[in-house]
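Asker: curious how this folds, go ahead:
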Amino acid sequence: MSAIENLPHTDNGLLRFLTCGSVDDGKSTLIGRLLFDSKTILADTLSAIEKTSARRGMTAVDLSLLTDGLQAEREQGITIDVAYRYFTTGTRKYIIADAPGHEQYTRNMVTAASTANLAIILIDARKGVLTQTRRHSTLAHLLAIPHIVVAINKMDLVDYDQATYDSIKAEYTKFAHNIGLKDVRFIPLSALNGDMVVERGPRLDWYEGPTLMEILEAAPAAHTEKPERFRFPVQFVCRPQDSANPELHDYRGFMGRVESGEIAVGDAVTTLPSGRTSRVKAIEIGGEKIDRAIHEQSVSLLLEDEIDISRGDMIVKSAEAREPVKQIDANVCWMSESPMSPARTYLVRHTAREVKAKIAKIDYRLDINSLEHENVTTLAMNDIARLTLKLAQPLFADPYRENRATGAFIIIDESTNNTVGAGMIV
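Answerer: The predicted model follows:
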């Protein structure tokens, strides 16, 4: 019986995690190993990669072939933002965000990391901590990924040497302290042979910690680690037009997704920007009434009082309201091939609200490799900078490290409607 089958039959919630590493660190093989050992590979897919592996003269299945489609597309020059993989162990569902590792794909990693609750940073045991390792770790910290797993891979190529593992661990620990990473765990493994991925294997008996799968199974799910303020951006106001049903005549449902926190019937709420207060009269999902809604549920809220609310407004608990702001400081990743122009007006899309904005100032550009702050007057693609935005209308925002949903925004080019930047409010 496998380690997966030995896991208790409980539901640990959904875990979104990111895998990142330098070229040839074994990321594809690790993802393939997780999919293979969790038995989520279709029989025909497994048969195909077994035949391909045999044609190449390999004695074992080459699990990296499971992601070769992505690599082939990159080799053909097709731009791929993020590739997602899905699997389940029976006790938890997983979404893997597979981000490109090259420096020119910084914007892609920002996209992948924005929803991850854990990051696996792969290090080749033969090469140790590289510039790319530091870059990925800095981005993970910048994007407030709360849990980091440093997987020191290819231990089979250094004869499973503990001294090599300890040396890399010591070097990374010092770097992590310097940039402010908090929750960092280390694990030696061989994705090729499966040691410490799902099964422990016989060759790393000096390591007494959990396997990678055990770490993933125990990792906290999003929204579960601390109390969160209730945030409900209104996406649509539902006013049914059915003269044959008089019960719907006064129906007004405010539809959207609970981005954080929870709400119950009878709770006092405040609507922004009006500041008007009311109480929740009813909560509905698909026409069915429920007593309480929690994070990431898409619901309709009905209030006791008639209040003028439209798309882009925010409903919050009255005790948890913040003052709207017309100026924000943010860390921004520039995603467009066209450089930023401080003279131009851009659109900022924050939750369901869209406002015009100007670049008030660029405080500095962050050199991801050296962590130095550089004075610049514009931003090029993949640049990350701290800047100030002046807004034509107020936003109802939280700091990104408090709330990743209401602390994030995108910048849109008015003329093309293209997304040109992604920001995290500080």
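Asker: wait, what's in contact with Phe19?
Answerer: Let me fix one detail, which is that residue 19 is Thr and not Phe. Lys27, Leu30, Ile31, Ile96, Ala97, Asp98, Ala99, Ala119, Ile120, Leu122 (C-beta atoms under 8 Å, 6 or more residues apart in numbering). C-beta: built from backbone N, CA, C; applies to glycine.
Asker: next: Ile362.
Answerer: Counting by C-beta under 8 Å, 6+ apart, Ile362 makes contact with Pro342, Val376, Thr377, Thr378, Leu379, Ala385, Arg386, Leu387.
Asker: where does pLDDT dip in this structure?
Answerer: 1-11, 41-50, 52-54, 58-82, 101-104, 241-249 (pLDDT under 70).
Asker: distance of Leu347 from Gly407?
Answerer: In this view, Leu347 and Gly407 are 18 Å apart by C-beta to C-beta, to the nearest Å.
Asker: which one of the two has more residues nearby?
Answerer: With neighbours defined as other C-beta atoms under 10 Å, Leu347 and Gly407 compare such that Gly407 has more, 21 against 18.
Asker: what segments of the chain are helices?
Answerer: Taking DSSP state H, the helices of the chain run over residues 3-6, 27-37, 43-55, 68-75, 106-113, 131-142, 162-179, 212-218.
Asker: how far does the longest one sit from the chain's center?
Answerer: A distance of 25 Å separates the centroid of the chain from that of helix 162-179, by C-alpha atoms, centre = their mean, to the nearest Å.
Asker: same question, the last one
Answerer: A distance of 18 Å separates the centroid of the chain from that of helix 212-218, by C-alpha atoms, centre = their mean.
Asker: could you list every helix and strand in contact with that helix?
Answerer: Applying 3 or more C-beta pairs under 8 Å, 6 or more residues apart in numbering; DSSP states H and E, one finds that helix 212-218 contacts helix 3-6, helix 27-37, strand 147-153, strand 184-188.
Asker: so for it, what gets flagged as buried?
Answerer: Using 16 or more other C-beta atoms under 10 Å as the test for burial, helix 212-218 gives Leu212, Met213, Glu214, Ile215, Leu216, Glu217.
Asker: between helix 131-142 and the lengthiest strand in the chain, find me the angle.
Answerer: Secondary structure assigned by DSSP state E gives strand 353-366 as the longest strand of the chain. Strand 353-366 runs at 140 degrees relative to helix 131-142, counting by axes from the mean of the first three to the mean of the last three C-alpha atoms, to 10 degrees.
Asker: circling back to that earlier point, out of the contacts of Thr19, which is nearest to Lys289?
Answerer: Lys289 has its nearest neighbour among those in Ala97, at 35.4 Å by C-beta to C-beta.
Asker: the most centrally placed residue in the chain and Gln132, how far apart?
Answerer: Centroid check for the chain by C-alpha atoms, centre = their mean gives Thr115 as the closest residue, at 1.8 Å. Thr115 sits 22 Å away from Gln132, going by C-beta to C-beta.
Asker: list the buried residues of the longest strand of the chain.
Answerer: For strand 353-366, by 16+ other C-beta under 10 Å, it's Arg353, Glu354, Val355, Ala357, Ile359, Ile362, Arg365, Leu366.
Asker: please apply the same query to stretch 413-426.
Answerer: For stretch 413-426, the buried set under the neighbour-count rule, 16+ other C-beta under 10 Å, comprises Asp413, Thr419, Val420, Gly421, Ala422, Gly423, Met424, Ile425.
Asker: quick check: closest non-adjacent residue to the second one.
Answerer: For Thr419, ignoring the flanking residues on the chain, the nearest one in space by C-beta to C-beta, 6 or more residues apart in numbering is Ile410 at 5.1 Å.
Asker: same deal with the third one?
Answerer: Closest residue in space to Val420, ignoring its immediate chain neighbours: Ser336 at 3.7 Å, by C-beta to C-beta, 6+ apart.
Asker: you'd agree that neighbour is up against Ser415?
Answerer: No: taking contacts as C-beta atoms under 8 Å, Ser336 lies outside contact range of Ser415: 11.7 Å.
Asker: distance of the residue nearest to the centre of the chain from Leu15?
Answerer: For Thr115, the distance to Leu15 (C-beta to C-beta) stands at 11 Å.
Asker: so who does Tyr105 touch?
Answerer: By C-beta under 8 Å, 6+ apart, the neighbours of Tyr105 are Ala99, Asn382.
Asker: same question, Val197
Answerer: By C-beta under 8 Å, 6+ apart, the contact list for Val197 reads Leu30, Arg33, Leu34, Asp37, Leu189, Ser190, Ala191, Thr211, Leu212, Met213.
Asker: can you give me the neighbour number for Ala176?
Answerer: Per other C-beta under 10 Å, the neighbour tally for Ala176 reads 18.
Asker: can you check Asn193 too?
Answerer: Using other C-beta under 10 Å, the number of residues around Asn193 comes to 19.
Asker: same check, this time on the one 3 residues further on
Answerer: Using other C-beta under 10 Å, Met196 has 27 neighbouring residues.
Asker: correct me if wrong: it contacts Asp205.
Answerer: No: taking C-beta under 8 Å as the definition, Met196 is not a contact partner of Asp205, at 10.7 Å.
Asker: thinking again about what came up before, nearest to Val280, out of the helices of the chain?
Answerer: Shortest distance between Val280 and the helices of the chain, using C-beta to C-beta, is found for helix 106-113: 33.8 Å.
Asker: next, the angle from the closest one to helix 131-142.
Answerer: Using the same axes, to 10 degrees, the inter-axis angle of helix 106-113 relative to helix 131-142 is 50 degrees.
Asker: the helices and strands packed on helix 212-218 into JSON lines, with extra columns for mean neighbour count?
Answerer: Compiled in JSON lines, those are given as follows (neighbours: other C-beta atoms under 10 Å):
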{"stretch": "helix 3-6", "mean neighbour count": "12"}
{"stretch": "helix 27-37", "mean neighbour count": "23"}
{"stretch": "strand 147-153", "mean neighbour count": "24"}
{"stretch": "strand 184-188", "mean neighbour count": "20"}
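Asker: any chance of a markdown table for those, columns distance to Phe232?
Answerer: Shown next, in a markdown table, are these (distance: least, C-beta to C-beta, whole Å):
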| stretch | distance to Phe232 |
| --- | --- |
| helix 3-6 | 38 |
| helix 27-37 | 35 |
| strand 147-153 | 27 |
| strand 184-188 | 34 |
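Asker: closest one to Ala282 among these?
Answerer: Of all those, strand 147-153 comes closest under C-beta to C-beta, at 37.2 Å.
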